[in-house]
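Chemist: just the structure for this:
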Amino acid sequence: MQASAIIKLTLSMAIFGSIGFFTIHTGVPAIELVFIRCICATLFLGFLWLMTGGHKTEVWDKKEIARTLLCGVFIVLNWVFLFKAFEEMSISIAISIYNLAPIFVLVLGALFLKEKMTVQALIATLTCFIGSIFIIGLHNFITLSEFMQSGFIWALLSALFYALTMLTSRTITNLSSYALTFIQTAVGIVMLLPFVDFSLFEGLTTTNWLYILGTGFIHTGFVYFLFFDSIRNLSTMLVSVLVFVDPVVAILLDMLLLDFMPSIMQTVGIVFIFGGIFYTIYIPKQAKKEV
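Modeler: As a prediction, this is how the structure comes out:
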């Protein structure tokens, strides 16, 4: 059972690691892409939900539904900001900043949930902050306008809303994974519909549509199915480590297929960020075991 779950989670993270590569070949901006993605995922996961009979055994709670709707808003904004970051900067840099989310979870937990901020968490936060400075290269931006157009703010916002998604989803315990995701993606359809420019879909090639549908059915529908079907059979520690497959694949694809080559400072920044995240996840747990 665990071996199967490990394979499913690893596969889901490896597939998701290619989303940046797919995104830049869709030919549509972030809002339009997320809108189609939400439609595809809602259809795919809704179909699985009905086929498995899960809709007949759902336990509906008004407070949980409200939190799920809020979580849906957060996850849609997370996707929009991540895709906007892909439009402005390399996939490797955007993904590295995006993966600051666990650090934001620590900070937000300390600020709003009164969770204790340990020395280890402070060290990790500072390390990741320094890494983000290195990776974006603040010395390269003469004006605030140049900095704002670099994509850094979009990537940072995507990480922030990913963290808010994780924090909110912690409070949802009764809804099944299918119901949870179905509601979230349905929220995305309603939320983005007023902002979609449908004229942008005119003139797209067959290749564009294949990449668009790929981000919807594969990177959202299929990946969510694998992800939620696996994490319930794995420890938090194992899940935390396996999610690193996502950024590793993203960075490798960026370098191999898109000819991205980070500078020395950016490489140091990437190492700092992932070092800080790994330290957050792994070292404190090891310390607890030794006590």
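Chemist: ok now the helix or strand in which Ile31 is found, how far from the chain's centre?
Modeler: Applying DSSP states H and E as the criterion places Ile31 in helix 30-51. Centroid separation for helix 30-51 versus its chain: 16 Å, with CA atoms, centre = their mean, to the nearest Å.
Chemist: tell me the first helix or strand C-terminal of it.
Modeler: Beyond helix 30-51 in the direction of the C-terminus, DSSP H and E gives the next helix or strand as helix 62-88.
Chemist: now do that following helix against helix 30-51, angle only.
Modeler: 140 degrees (axes from the mean of the first three to the mean of the last three CA atoms, to 10 degrees).
Chemist: who are the packing partners of helix 62-88?
Modeler: helix 19-23, helix 30-51, helix 91-98, helix 152-169, helix 177-192 (3 or more CB pairs under 8 Å, 6 or more residues apart in numbering; DSSP states H and E). Any C-beta I mention is one placed from the backbone N, CA and C, and that applies to glycine too.
Chemist: report the helix or strand with the lowest average pLDDT across this structure.
Modeler: Each helix and strand of the chain was given a mean pLDDT (mean pLDDT, DSSP states H and E); the minimum falls on helix 144-148 at a mean of 59.
Chemist: picking up where we left off before, most tightly surrounded among the helices and strands packed on helix 62-88?
Modeler: Taking mean count of other CB atoms under 10 Å as the contact definition, the stretch among these with the greatest mean neighbour count is helix 91-98, which reaches a mean of 27.
Chemist: now the angle between helix 62-88 and that helix, please.
Modeler: Angle between the axes of helix 91-98 and helix 62-88 is 150 degrees (criterion: the same axes, to 10 degrees).
Chemist: for helix 91-98, packing partners?
Modeler: Helices and strands touching helix 91-98, by 3+ CB pairs under 8 Å, 6+ apart, are helix 19-23, helix 62-88, helix 119-136, helix 152-169, helix 245-257, helix 264-290.
Chemist: list phi and psi for Gly109.
Modeler: Comment: the main-chain dihedrals of Gly109 come out as phi -60, psi -40, following degrees, to the nearest 10.
Chemist: that one: how many residues sit nearby?
Modeler: Counted with other CB atoms under 10 Å, the burial measure for Gly109 works out to 18 neighbours.
Chemist: if I look at it, how far off is Ile172?
Modeler: When CB to CB, to the nearest Å is the yardstick, Gly109 and Ile172 sit 16 Å from each other.
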